[in-house]
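Student: got a sequence here, can you build the structure:
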Amino acid sequence: MLCLPMLARGGRIDALSSMLGRMGLSLRAMSDRDHTCTGTLFRLSARKTLGVSEEEVVDTLEEAVHRLVDQERRLR
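Tutor: Got it, this is the predicted structure:
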């Protein structure tokens, strides 16, 4: 789970989701029990796991998290 308030407020989530999709990942907004988007909390997950080693999945997720955190920090 990632808290990305500046990226969300800046309207950059759609572009980031597209970039992450090309990496085989999915970025989805977290919602509460009423399925209302909380706005700043996101779940990052691997879309493809079959035929990919655990190490590859973890490496890809780590790379994506570092990119997202760097972009979030630059906007603060």
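
Student: now Gly24: phi and psi?
Tutor: Its backbone dihedrals place Gly24 at phi 90, psi 20, with angles given as degrees, to the nearest 10.

Student: so where's the chain uncertain?
Tutor: Counting by pLDDT under 70, the chain contains low-confidence residues at 32-38.

Student: looking at it, which strand is longest?
Tutor: Ranked by residue count, the top strand of the chain under DSSP state E comes out as strand 37-46.

Student: contacting residues around that one?
Tutor: Strand 37-46 is contacted by residues 1-5, 8, 13, 20, 24-32, 52, 57, 60-61, 64-65, 68 when judged by C-beta atoms under 8 Å, 6 or more residues apart in numbering. For the C-beta atoms, the positions are set from N, CA and C on the backbone; glycine is no exception.

Student: and those, which are buried?
Tutor: Among the contacts of strand 37-46, the ones that count as buried by 16 or more other C-beta atoms under 10 Å are 2, 4, 8, 13, 20, 24-25, 27, 29, 57, 60-61, 64, 68.

Student: so which of these are in strands?
Tutor: Residues of these located in strands (DSSP E): 2, 25, 27, 29.

Student: which one is the first one nearest to, not counting chain neighbours?
Tutor: Taking C-beta to C-beta, 6 or more residues apart in numbering as the measure, Leu2 lies nearest to Phe42, with 5.0 Å between them; neighbours along the chain are not counted.

Student: which helix in the chain has the most residues?
Tutor: Longest among the helix segments of the chain by residue count, using DSSP state H, is helix 54-75.

Student: now it: buried residues?
Tutor: With burial defined by 16+ other C-beta under 10 Å, the residues of helix 54-75 counted as buried are 57, 60-61, 64, 68, 72.

Student: CA atoms of that helix as PDB?
Tutor: Written as PDB, here are the backbone C-alpha positions of helix 54-75 (Å, rounded to 0.1, in the frame of the first residue of the first chain):
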ATOM      1  CA  GLU A  54       9.200 -14.700  -7.200                       C
ATOM      2  CA  GLU A  55      12.500 -12.800  -7.400                       C
ATOM      3  CA  GLU A  56      11.400 -11.100 -10.700                       C
ATOM      4  CA  VAL A  57       8.100 -10.100  -9.300                       C
ATOM      5  CA  VAL A  58       9.700  -8.600  -6.200                       C
ATOM      6  CA  ASP A  59      12.400  -6.800  -8.200                       C
ATOM      7  CA  THR A  60       9.700  -5.300 -10.500                       C
ATOM      8  CA  LEU A  61       7.600  -4.200  -7.500                       C
ATOM      9  CA  GLU A  62      10.700  -2.700  -5.800                       C
ATOM     10  CA  GLU A  63      11.600  -0.700  -8.900                       C
ATOM     11  CA  ALA A  64       8.100   0.600  -9.300                       C
ATOM     12  CA  VAL A  65       7.900   1.600  -5.600                       C
ATOM     13  CA  HIS A  66      11.200   3.500  -5.800                       C
ATOM     14  CA  ARG A  67       9.900   5.400  -8.900                       C
ATOM     15  CA  LEU A  68       6.600   6.300  -7.300                       C
ATOM     16  CA  VAL A  69       8.200   7.400  -4.100                       C
ATOM     17  CA  ASP A  70      10.800   9.500  -6.000                       C
ATOM     18  CA  GLN A  71       8.000  11.200  -8.000                       C
ATOM     19  CA  GLU A  72       5.900  11.800  -4.900                       C
ATOM     20  CA  ARG A  73       8.900  13.400  -3.000                       C
ATOM     21  CA  ARG A  74       9.700  15.700  -5.900                       C
ATOM     22  CA  LEU A  75       6.200  17.100  -5.800                       C
END
